[in-house]
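Q: 3D, please:
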Amino acid sequence: MSKLMLTGCAGALAVVAMAAASAAQAADFYKGKRVTLYVAASPGGGYATYARAIARHWNRHIPGVPRFTVKHKMGAQGLVAASYLANKSKRDGTELLASYREAVTTSPMTTTKGVHFKPTELSYIGSADQGFGVCVARKDTGVTRIEQVKTQPLKLGATHHRSLGYSSAYFMNNMFGTKFEVYHGYPAGSAILLALERNEVNARCGWSVSSIKAMKPTWFDNDKVVNILVQLSLISHPQIKGKVPLIMEYAQNDEQRQLLNFILTPQSVGRPYVGPPELPADRLKLLRASFQATLKDPGFLKDAAKQRIDINPVSGEELRKLIDDLYKTPKDLISKALAVTTKSDKVKLVKVKIPVKTTKAAVTGTKRGGRRISFMDGGHKVTVRVSGRRTKVTIGGKKAKRKGIKVGMSCAFTHQGNGSRAKAIDCD
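A: Next comes the predicted model:
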């Protein structure tokens, strides 16, 4: 064997050895560690349901079997959590984020307020589910097709302007002549659902099929309560393909198709799981592989089926490409998309006033040292946030710390519904 061939073999063996050593280091890193998985959304909704299900199984697929802790970091439709991940979190893979899809896609392109990061610099691990958003209307409205909303206004419940539920009313009214009225200011999707049930609003758009299945499975399987009017996504959900039209089918020219493609790209990102910038390459590779393994785990899939959540995985590499391609969008198209989703004299805006109520109930759950307290209200589980400064907590008539609230205590909760911050908690 020639000296050149021996040198080449030695070099190849050295590369293999280095790769093996790198993989071993990544594998050993998590032994005895705790991984914090932040959730940008409020407790009780689809994002939280997915994150907690995944966290229960993910650690088993990571060498070293680290412990997972789920924490909620809400604000500005995910921008607070993403900014924290980009600027303050550890860069070693022990702090990860279940992000709002818009926060790492279109929001930073269409606003500057609250954006302190670059989505292209984040580390993309994968997504549990591609987004399949839909518009629904209460059955008693008689509206079954989006064309009918051109003559019959619908009251659309929404959180705020960065959500698809809010912006969809704008682009559909602007582009297709519908007459959606936006009732905005609900603290979370669960609050919109309650308003829909009470007929305070009679429509909801941008609602993920996976969330419907998790929260109201019979609403998707039959049409006794709501009608599905249109799909707000780039591809059809398998169960309603050919039955419910895609919004793209209403596009009348190339510009409208380009605008819809930009607006709806976040749906393809689905429910993204993200790491911080500068995450070591070997650790990112390990997290991506373990995440995909989790989504194929029979135990996890059984758990997901029990909670009625859809699993349509997107790999970290695919997310990376989607984000990179999105950020090549021409500035003039971004400007047009911003205008069509936020500006119009064709949209009636109504700021909802969420009533403050007091519920007397037993505490059914506490988390994070009393930062989250759960109880039952009218047959529904309610989880409220408890602020150390802004929530007045009393136990036995005396001022107390939130960590003093325990399961089984009888308390009077002054709140604005699931996901809201409690104004006061008075326990016996």
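
Q: Okay, now the unreliable bits of the chain?
A: 1-27, 161-162, 222-223 (pLDDT under 70).

Q: hey, where'd the helices end up in it?
A: For the chain, helices defined by DSSP state H occupy the ranges 3-29, 46-58, 79-87, 107-110, 164-176, 189-197, 209-215, 217-221, 254-269, 281-296, 298-306, 316-326, 331-342.

Q: and these as TSV, adding distance to residue 127?
A: For every residue, glycine as well, the C-beta is placed using N, CA and C. As requested, the helices of the chain are exported to TSV (distance: least, Cβ to Cβ, whole Å):
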stretch	distance to residue 127
helix 3-29	22
helix 46-58	10
helix 79-87	15
helix 107-110	17
helix 164-176	16
helix 189-197	18
helix 209-215	11
helix 217-221	20
helix 254-269	6
helix 281-296	9
helix 298-306	14
helix 316-326	6
helix 331-342	22
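
Q: Which stretch among those approaches residue 352 most closely?
A: In terms of Cβ to Cβ, the element of those nearest to residue 352 is helix 189-197, at 7.6 Å.

Q: relative orientation of that closest one and helix 46-58 in degrees?
A: In terms of direction (axes from the mean of the first three to the mean of the last three Cα atoms, to 10 degrees), helix 189-197 departs from helix 46-58 by 130 degrees.

Q: other SSEs contacting helix 189-197?
A: Applying 3 or more Cβ pairs under 8 Å, 6 or more residues apart in numbering; DSSP states H and E, we find helix 189-197 packed against strand 154-158, strand 203-208, helix 209-215.

Q: Tell me which of these sits nearest to residue 266.
A: Taking those one by one with Cβ to Cβ, strand 203-208 is closest: 9.7 Å.

Q: List the contacts of the closest one.
A: Residues outside strand 203-208 that contact it (Cβ atoms under 8 Å, 6 or more residues apart in numbering) are 46, 129, 131-138, 141, 143, 154-158, 163-169, 172, 180, 189, 192-193, 196, 232.

Q: Can you tell me which of the residues you listed are buried?
A: Neighbour counting with 16 or more other Cβ atoms under 10 Å marks 46, 129, 131-138, 141, 143, 154-158, 163-169, 172, 180, 189, 192-193, 196, 232 as buried within these.

Q: residues touching residue 93, list them.
A: By Cβ under 8 Å, 6+ apart, residue 93 lies in contact with 29, 30, 35, 275, 279, 280, 283, 284, 287.

Q: try 6 Å this time
A: Shown in contact with residue 93 (Cβ atoms under 6 Å, 6 or more residues apart in numbering): 279, 283.

Q: gap between residue 73 and residue 211?
A: 20 Å (Cβ to Cβ, to the nearest Å).

Q: quick one: which of those two has more around it?
A: residue 211 (27 against 18; other Cβ atoms under 10 Å).

Q: what residues are up against the closest residue to the more buried one other than its chain neighbours?
A: Nearest residue to residue 211, sequence neighbours excluded (Cβ to Cβ, 6 or more residues apart in numbering): residue 46, at 3.5 Å. When contacts are counted by Cβ under 6 Å, 6+ apart, residue 46 touches 208, 210, 211, 214.

Q: if we can go back for a sec, columns distance to residue 94 on top of the helices and strands packed on helix 189-197, output as CSV?
A: Below are the helices and strands packed on helix 189-197 laid out as CSV (distance: least, Cβ to Cβ, whole Å):
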stretch, distance to residue 94
strand 154-158, 35
strand 203-208, 29
helix 209-215, 27
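
Q: what's the closest of these to residue 330?
A: strand 203-208 (24.8 Å).

Q: distance between that closest one and the chain's centre?
A: On the basis of Cα atoms, centre = their mean, to the nearest Å, strand 203-208 sits 13 Å off its chain's mean C-alpha point.

Q: do stretch 37-53 as well
A: Its chain's average C-alpha position is 7 Å from that of stretch 37-53, according to Cα atoms, centre = their mean.

Q: Buried residues of stretch 116-130, list them for me.
A: Buried residues in stretch 116-130 (16+ other Cβ under 10 Å): 117, 119, 122, 123, 124, 125, 126, 127, 128, 129, 130.

Q: can you list those in a markdown table and add distance to residue 296?
A: Listed next are the buried residues of stretch 116-130 as a markdown table, based on distance: Cβ to Cβ, whole Å:
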| residue | distance to residue 296 |
| --- | --- |
| 117 | 31 |
| 119 | 27 |
| 122 | 24 |
| 123 | 21 |
| 124 | 19 |
| 125 | 15 |
| 126 | 12 |
| 127 | 14 |
| 128 | 12 |
| 129 | 14 |
| 130 | 16 |
